[in-house]
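Peer 1: show me how the following folds:
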Amino acid sequence: MAHDIYAISMSGMSYERARLEAAAHNIAHANTISANATHVVKLKEVASVNSFASLLNSDSAHLTEVAQFKAVYKPQHALADEKGFVYMPDVNIASEMLKMNSATRAYEANVKAFNAYKTMSSKSMEIGK
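Peer 2: Residues are numbered from 1 along each chain as shown. Next up is the predicted model:
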């Protein structure tokens, strides 16, 4: 049972860390401009988890890349194509910030659960003294 609590907290922290990394990557590259659609920085997202058991059995959450981009009309830009378009990742900053906030709160909750487990474990060792 004790090992399960440890595994649950560690898996949760790993998953939330991956969500933070993906959101940070997407925000950092929101204004990256490319000359064509094939060279646009790919967005990152955490692969969906089919079940809680699969999350516990994996070492870490898996990041996947998603090719989402938008064409922006900027004929004066040095990287503009012959039609005057540059290409950028299609990042919704508000959505990414919300993901970061949510992942941070969930990570903190997992840390608190893990610390409570450690405290209870150390207190239970003192009972036998």
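
Peer 1: the residue sitting nearest the centre point of the chain sits in which helix or strand?
Peer 2: The central residue of the chain, meaning the one whose C-alpha is nearest the mean C-alpha position (Cα atoms, centre = their mean), is residue 19 at 1.6 Å. Taking DSSP states H and E as the definition, one finds residue 19 inside helix 2-28.

Peer 1: give the buried residues for the helix or strand that comes right after that helix.
Peer 2: The C-terminal neighbour of helix 2-28 among helices and strands, as given by DSSP H and E, is strand 43-46. By neighbour count on 16 or more other Cβ atoms under 10 Å, the buried set for strand 43-46 is 43-46. Heads up, the C-betas are built off the backbone N, CA and C, glycines and all.

Peer 1: what is the burial count for residue 87?
Peer 2: Burial measure for residue 87: 22 neighbouring residues, criterion other Cβ atoms under 10 Å.

Peer 1: I'd like to know which elements whatever helix or strand it lives in is packed against.
Peer 2: Assigned by DSSP H and E, residue 87 belongs to strand 85-89. Strand 85-89 is packed against strand 69-73, with contacts defined by 3 or more Cβ pairs under 8 Å, 6 or more residues apart in numbering; DSSP states H and E.

Peer 1: so residue 100 touches residue 20, yeah?
Peer 2: Yes - taking Cβ atoms under 8 Å as the definition, residue 100 is a contact partner of residue 20 at 6.0 Å.

Peer 1: what about the protein, any weak spots by pLDDT?
Peer 2: Along the chain, segments meeting pLDDT under 70 span 1-3, 49-60, 128-129.
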